[in-house]
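A.B. asks: Predicted model follows, preceded by the sequence.
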Amino acid sequence: MKNQANSITPYGHYKLFSPVNLGPYTLAHRVALAPMTRLRSDADDAPSAMMVKFYEQRASDGGLLIAEATSVSVSGRSYFGAPGIYADEQIPAWKKLADAVHAKGGTVFAQLFHGGRQSHVDMTGGVAPVAPSVVPFEGLSFTPSGWMPVSEHRVLPLDEIPAIIEDFRTAAQRALAAGLDGVELHGANGYLPDQFLQDGTNKRTDSYGGSIENRARLMLELTKALIAVWGADRVGVRISPSGEWGGVSDSNPEATFAYLATELNQLGVAYIHVIEPRIKGDSTLHEGQAPVASGFIRKNFKGTIISAGGFDREEAEAIINRGDADIVAFGRFFSSNPDLPERLKNGYPLNPYVRDTFWGGSEIQYNDFLSYNKQAKTENQTI
């Protein structure tokens, strides 16, 4: 997103600020908080008090928040400081977060996550990270000692797959017990479900490899496990058809993701959350490159589409007006503007985001950003 000038024109009557249905919920506007890994959980991986405050600040009456990637098991962790929902003891902290968002009139989904090969033994309880196949990978995992090269991964055998599906199902149950409003399967960014889906990382020859149908099997089984807990209309799936994060690739991404979108459409999930092709290590949509949602995803999925990927206000309005997306998720500028929907609606200037505090830290430059009205009042008092 480009930083907004001080004199842009308000356009609260535009479609970006109109109501939209998401499963059983009616959202007052179409500006959503994208899931951002901020690494500020408590020592037991439960949401910390400052995390609760962060989400409370960004909750708006009738708005959607998608909470950051949340581990469904110890062996699926990738980032030290990221929250978990793998133990019943973590439920009360999630309930505090949900209650804080609801008190502001917001709706909040938990994003359920398994890092697969993007991990380190210091994060997985000492066991080797798992993947569909052993494919060389030189990524990093954030550990108690900082960023470290990932540990050698092993092939996930068939007899261990049911336990991972069960981890997702029980995590979904905990999210329901905590009073959250739904769950999102993190099937993007080269994490475990994405590793199975794409043939650059999946070299299996069993029922989870080879054909598109087989490679999509785990993603769909995980989705069905979440649906068994929540119902389809409160389950979303995040995908990154053009993403390269995590060293993933596919020989025919259009066919692979079109098949997945068709199957998710038949399951009746609440939404597909698409990371647009501008996310390839930079945040630039290259000239002539169309958003994924405007192509094969929309053609094969008739439900709600959420698009994310560095949109500014005008781009968000345009993709919604074209019908290629229904909701736009904002990340970086939501980190520094807790009242981002209000600022976009009224054309208020945006605070610049602070990249140095994205990955862990204190409350400083995390939840000490002021809303526009409070900021203006403070500035007037100092004149």
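C.D. replies: Thanks, I have the structure now.

A.B. asks: Could you list the low-pLDDT ranges of the stretch 1-150 of the chain?
C.D. replies: Residue ranges of the stretch 1-150 of the chain with pLDDT under 70: 1-13.

A.B. asks: all strands of it, in order?
C.D. replies: Under the criterion DSSP state E, counting those that start in this stretch, the stretch 1-150 of the chain contains strands at 20-22, 25-27, 31-33, 64-71, 107-113, 130-131, 140-143, 146-149.

A.B. asks: same check, this time on the stretch 251-383 of the chain
C.D. replies: So, for the stretch 251-383 of the chain - with DSSP E, counting those that start in this stretch - the strands run 271-275, 304-308, 327-330.

A.B. asks: Would you mind telling me which of the strands of the stretch 1-150 of the chain is nearest Asn351?
C.D. replies: strand 31-33 (15.4 Å; Cβ to Cβ). For every residue, glycine as well, the C-beta is placed using N, CA and C.

A.B. asks: Excluding chain neighbours, give the residue nearest to Gly84 in space.
C.D. replies: Leaving aside its sequence neighbours, Gly84 sits nearest to Asp45 (Cβ to Cβ, 6 or more residues apart in numbering; 3.6 Å).

A.B. asks: which ones are touching the one you found?
C.D. replies: 71, 77, 82-84, 86-87, 90 (Cβ atoms under 8 Å, 6 or more residues apart in numbering).

A.B. asks: Report the buried members of the residues you listed.
C.D. replies: 71, 77, 82-84, 86, 90 (16 or more other Cβ atoms under 10 Å).

A.B. asks: So which of those is the closest to Gly115?
C.D. replies: Arg77 (6.5 Å).

A.B. asks: coming back round to it: deepest in the core, which of the strands of the stretch 251-383 of the chain is it.
C.D. replies: Mean neighbours per residue, mean count of other Cβ atoms under 10 Å, is largest over these for strand 271-275, with a mean of 27.

A.B. asks: Could the C-alpha coordinates of that one be exported in PDB?
C.D. replies: The C-alpha trace of strand 271-275 is given here as PDB (Å, rounded to 0.1, in the frame of the first residue of the first chain):
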ATOM      1  CA  TYR A 271     -14.600 -17.900   2.000                       C
ATOM      2  CA  ILE A 272     -11.400 -18.400   0.200                       C
ATOM      3  CA  HIS A 273      -8.700 -15.900   1.200                       C
ATOM      4  CA  VAL A 274      -6.400 -15.300  -1.700                       C
ATOM      5  CA  ILE A 275      -2.900 -13.800  -1.400                       C
END
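
A.B. asks: name the helices or strands packed onto it?
C.D. replies: Packing contacts for strand 271-275, counted by 3 or more Cβ pairs under 8 Å, 6 or more residues apart in numbering; DSSP states H and E, involve strand 235-239, strand 304-308.

A.B. asks: Using PDB, write out every CA atom in the last one.
C.D. replies: Once side chains and other backbone atoms are set aside, the C-alpha atoms of strand 304-308 remain, and they are given as PDB (Å, rounded to 0.1, in the frame of the first residue of the first chain):
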ATOM      1  CA  THR A 304     -17.000 -14.900  -0.600                       C
ATOM      2  CA  ILE A 305     -13.400 -14.100  -1.700                       C
ATOM      3  CA  ILE A 306     -11.000 -12.100   0.500                       C
ATOM      4  CA  SER A 307      -8.000 -10.700  -1.300                       C
ATOM      5  CA  ALA A 308      -4.800  -9.600   0.300                       C
END
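
A.B. asks: Report the angle between that strand and strand 235-239.
C.D. replies: Interaxial angle, strand 304-308 versus strand 235-239 (axes from the mean of the first three to the mean of the last three Cα atoms, to 10 degrees): 40 degrees.

A.B. asks: Show me the shaky parts of the stretch 151-300 of the chain.
C.D. replies: For the stretch 151-300 of the chain, the ranges with pLDDT under 70 are 277-294.

A.B. asks: about what we covered before: any chance of the buried ones among the contacts of Asp45 in JSON lines, with distance to Arg38 too?
C.D. replies: JSON lines is the format used below for these (distance: Cβ to Cβ, whole Å):
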{"residue": "Ser71", "distance to Arg38": "14"}
{"residue": "Arg77", "distance to Arg38": "15"}
{"residue": "Ala82", "distance to Arg38": "8"}
{"residue": "Pro83", "distance to Arg38": "9"}
{"residue": "Gly84", "distance to Arg38": "14"}
{"residue": "Tyr86", "distance to Arg38": "19"}
{"residue": "Gln90", "distance to Arg38": "17"}
